[in-house]
Each structure stands twice: as C-alpha cells, then as structure tokens.
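Trainee: Here is a sequence together with a model predicted from it:
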Amino acid sequence: MDVRRERPPRSPPSSAQPHLGSLSPFLLTCTAYFFLWIPEDPPSRVGALVKCLPVLCLVGLLRANPGSSSGSGSGSSGGYSLRLQVALLFSALGDVFLIWPENFLYGVLAFGMAQLLYSWAFGFSPLRPGLLVPIVLYSLPFSGLLLLHLPPDLVLPVSAYGLALSTMLWQGLARGGSTRWGALLFAASDSLLSWHTFIQPLAHGRLLIMATYYAAQLLITLSAFQSPKLKTH
C-alpha cells in the first residue's frame, strides 16, 4: 500500500527589500547630480538627463522585480508596480520640463499626472478621513499665501496640482509603511519648491528641494517591495 504524506501548502514568499547593489544605480546618479550641481548650471539637455536619471533608475528597479508586492486597492502586485513605474516616468518628464522655465506649465501637468497615478496605486482602502484634518490645516494657509504671489495664469493649474498632491498625501499617509514617509517628503519638497520659486528664495533651497524629492521617490518605490503584513492600517 502506497502511503503518501500530504505536505502543507507553501505560503507565498514575502517581498524582500532590494539589496544595496540593486539601489546602486539610483545612488550613483543622485551623487552625480549633486556633485555636478546641475541646478546652478544653465538649462541644457545634459542637465535634464542628469536630473531625471535617478528617477529612471527607480523605474528600472521596479522593472527588474516584476513580482514586487502590492497593497490594498492596487488590484495586483503587477498592477501596483506598473502604476508606480508610469508615475515615475511622468515625474521624470516633469523634471525635464522644469529645467526650462518656459515649460513650467508642462512640468506641472506631468507631475499632476504622477500624483494621480500614485493616488490610484495607493488606493482608497483604508480611507481614514481623519487624516484630511492636518492636511487641510496645512494646505489651506500655505495655498492662500502662495496664490498671492502667483501670476494670474498659474493660479488655476497650480491650484489643481495642489489638490492632486493633497490627495496623494492623504492616501500615502493612510497606506502607511515607506509610502507614508515618501508622500510626506514629496509634499515637503513641493512646498519648498513653491516657496523658493514664488515667495522667497531659500538658502540652499535647491539642495533641500532635490534631496527631499529623490528621497520621496525612493521611499515610494520601496513600498512595492513591502510585505502587506508590515503595512500600517
């Protein structure tokens, strides 16, 4: 008589955080950007390429790891990663547009699309409407001050972008994990950029803006490798 022992079903492997080697292209291109100090140079195609390379490296990181995990509301692991990749590509496009001041509106549009894609990826579960209170308490006074310094033709697009950014921040905070900190740093970076550009130049403003921006994109990207069990609900 052939007696076979049933093996317990294997649990699906949890997503592992990428090792330092896989992050080296991102870290090296960030280092190159700050070493060459692109923000202080005249606008150029080389400067645009160097500026967006770190974000493109994050796209490559996600492409190289198609099994990265997803969270609630993202539908599937591949769907979550794909939405992050497209959001990162729109961010890179926005980086290129913002190199040339005359393309500022195109940059706002590109980053607005990125924020909508991030919100879509993060999902609306859990909803956590209470998080809207601190967001509104911060964004309304800041937006009111900013609007006083904006040219009339920028009021509507910048206001629409602020709404998209606030939605992304809300959903990022609700999702938790590294997404929470990435969303916060993204909002901080955009606040610094707005203040530096339209209200009053900041000492070491460009350094602060880009450091918080790259850190935000990295933390949001790393959320694709986060096990759902580790997320904060």
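Mentor: Looks like it came in fine. Numbering: from 1, shown residues only.

Trainee: for the record, mean pLDDT for stretch 61-71?
Mentor: Taken as a whole, stretch 61-71 has an average pLDDT of 74.

Trainee: How about the secondary structure of residue 42?
Mentor: On the three-state scheme (DSSP: H, G, I helix; E, B strand; the rest coil), residue 42 is labelled coil.

Trainee: neighbours of it, just the number please.
Mentor: Residue 42 has 6 neighbours, counted by other C-beta atoms under 10 Å. All C-beta atoms are positioned from the backbone trio N, CA, C, and that covers glycine.

Trainee: Angles on the backbone of it, please.
Mentor: phi -60, psi 150 (degrees, to the nearest 10).

Trainee: Flag the shaky bits of this protein, pLDDT-wise.
Mentor: 1-17, 38-40, 67-77, 227-233 (pLDDT under 70).

Trainee: So residue 60 is in contact with residue 25, correct?
Mentor: Yes - between residue 60 and residue 25 there is a contact at 6.8 Å, judged by C-beta atoms under 8 Å.

Trainee: What is the neighbour count of the residue nearest to residue 122 when sequence neighbours are not counted?
Mentor: Distances taken as C-beta to C-beta, 6 or more residues apart in numbering place residue 171 nearest to residue 122, at 3.9 Å, with adjacent residues excluded. Residue 171 has 25 neighbours, counted by other C-beta under 10 Å.

Trainee: and the gap between residue 171 and residue 120?
Mentor: Distance, residue 171 to residue 120, using C-beta to C-beta, to the nearest Å: 9 Å.

Trainee: and if you look at residue 164?
Mentor: Taken as C-beta to C-beta, the span from residue 164 to residue 120 is 11 Å.

Trainee: How far away from the center of its chain is the helix or strand containing residue 79?
Mentor: For residue 79, the element it lies in under DSSP states H and E is helix 77-99. Put simply, helix 77-99 sits 8 Å off its chain's centre (C-alpha atoms, centre = their mean, to the nearest Å).

Trainee: Assign a three-state SS to residue 126, would you?
Mentor: coil.

Trainee: what about it, how many residues close to it?
Mentor: Using other C-beta under 10 Å, residue 126 has 16 other residues around it.

Trainee: ok, now residue 159?
Mentor: Residues contacting residue 159 under the criterion other C-beta under 10 Å number 13.

Trainee: who's in contact with it?
Mentor: Contact analysis of residue 159 by C-beta atoms under 8 Å, 6 or more residues apart in numbering lists 143, 147.
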